[in-house]
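Student: Sharing a sequence plus its predicted fold:
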Amino acid sequence: MSQTGRSSTVFLVDDDPSVRKALTRLMRVAGYQVEAFASARDFLEWRNGPDRGSSCLILDVRMPGLSGLDLQQELLATHAQLPIIFITGHGDIPMSVKAMKHGAVDFLPKPIKDTDLLKAVEQALARADHDLAEREELEDIQRRLESLTPREREVLTLVVRGLLNKQIAFQLGTVEKTVKVHRARVMAKMEVQSLAELVRIAERVGIGNATPSQKNSVTFRPT
């Protein structure tokens, strides 16, 4: 199980049947679900749609056809957030550096110590949990944003940039009372209790990322 209590799956890609059998047994004894594949192409053909639940990939580097590093690049190109643990009997320093630069969790030489691999899987699944929580939070924030009207979205943007109600009213060509109504609706629809919380979630999706000088650049001129 993952740290969040979700069922955890370990994907295993290695062209050596004996390695697949041994590592599959090890992962199952440790309590993980396992899906094993003889080639990177088999894995890509089986895998369909976004990742669900907490999972990681144990991946052999050198395989006929599509190599482990090639598969890593394929997954990166589709923005798949699947933590990878590389295993190899032929690894070298440049290869491991390349793998780690592209986000691999670890690079383990064969024969692999059970304790080292299980530790790496634990780290990979912790990363998967974190990435999944991040995606779910962003999706929830996006859901709330989509409930705003265009005018409420404008008010949100100006509020998180630090403008006062009077400044927002002037900027939008309306009155302060109307801005207060829109602001209250924004707080309710975004499901926040404070300005600090509103700013935090807005910044998570890139709204209101103004510099301090930009925040102070709008001057209120009373009508």
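Tutor: Cool, got the structure. Residues are numbered from 1 along each chain as shown.
Student: Tell me the confidence at the most centrally placed residue in the chain?
Tutor: Note on the chain: the residue nearest the mean C-alpha position is D131, at 3.6 Å, using CA atoms, centre = their mean. Looking at D131, its pLDDT reads 87.
Student: what's the answer for D114, then?
Tutor: D114 is assigned 95 on the pLDDT scale.
Student: Near it, how many other residues are there?
Tutor: 13 (other CB atoms under 10 Å). Every C-beta, even on glycine, is put in place using the N, C-alpha and C of the backbone.
Student: Same question for A22.
Tutor: 15.
Student: Determine the three-state secondary structure at it.
Tutor: helix (DSSP: H, G, I helix; E, B strand; the rest coil).
Student: separation between it and D14?
Tutor: Counting by CB to CB, to the nearest Å, the gap from A22 to D14 is 10 Å.
Student: now I201
Tutor: In terms of CB to CB, I201 sits 42 Å off from D14.
Student: Neighbour count for the two, which is higher?
Tutor: Comparing I201 with D14 by other CB under 10 Å, the one with more neighbours is D14, at 26 against 19.
Student: Not counting its neighbours along the chain, what's nearest that one?
Tutor: D60 (4.1 Å; CB to CB, 6 or more residues apart in numbering).
Student: give the contact list for the one you found.
Tutor: D60 makes contact with 13-16, 19, 68, 86-88, according to CB atoms under 8 Å, 6 or more residues apart in numbering.
Student: Can you give me the distance of it to F170?
Tutor: Taking CB to CB, one finds D60 at 63 Å from F170.
Student: same question, L164
Tutor: 10 Å.
Student: More neighbours: which of the two?
Tutor: Per other CB under 10 Å, whichever of L164 and F170 has more neighbours is F170, with 20 against 14.
Student: ok, so what distance separates that one from L44?
Tutor: 55 Å.
Student: what's the closest non-adjacent residue to S55?
Tutor: In this structure, S55 finds its nearest non-sequential neighbour in T9, 4.3 Å apart by CB to CB, 6+ apart.
Student: Please list all residues in contact with the one you found.
Tutor: Contacts of T9 (CB under 8 Å, 6+ apart): 32-35, 53-55.
Student: Going along the chain, name the strands of this structure.
Tutor: Remark: strands assigned in the chain by DSSP state E are 8-13, 33-37, 54-60, 84-88, 106-109.
Student: Any regions of the protein where pLDDT drops low?
Tutor: Residue ranges of the chain with pLDDT under 70: 1-7, 48-53, 91-93, 208-223.
Student: repeat that with 80
Tutor: 1-7, 47-53, 89-98, 102, 208-223 (pLDDT under 80).
Student: P109 and T88 touch, don't they?
Tutor: Yes: assessed by CB atoms under 8 Å, P109 is found in contact with T88 at 6.3 Å.
Student: I'd assumed R20 was in contact with E35.
Tutor: No: with contact defined as CB under 8 Å, E35 does not reach R20; the gap is 10.7 Å.
Student: Now list whatever residues contact both of the two.
Tutor: Residues within reach of E35 and of R20 at once, by CB under 8 Å, 6+ apart, are L12.
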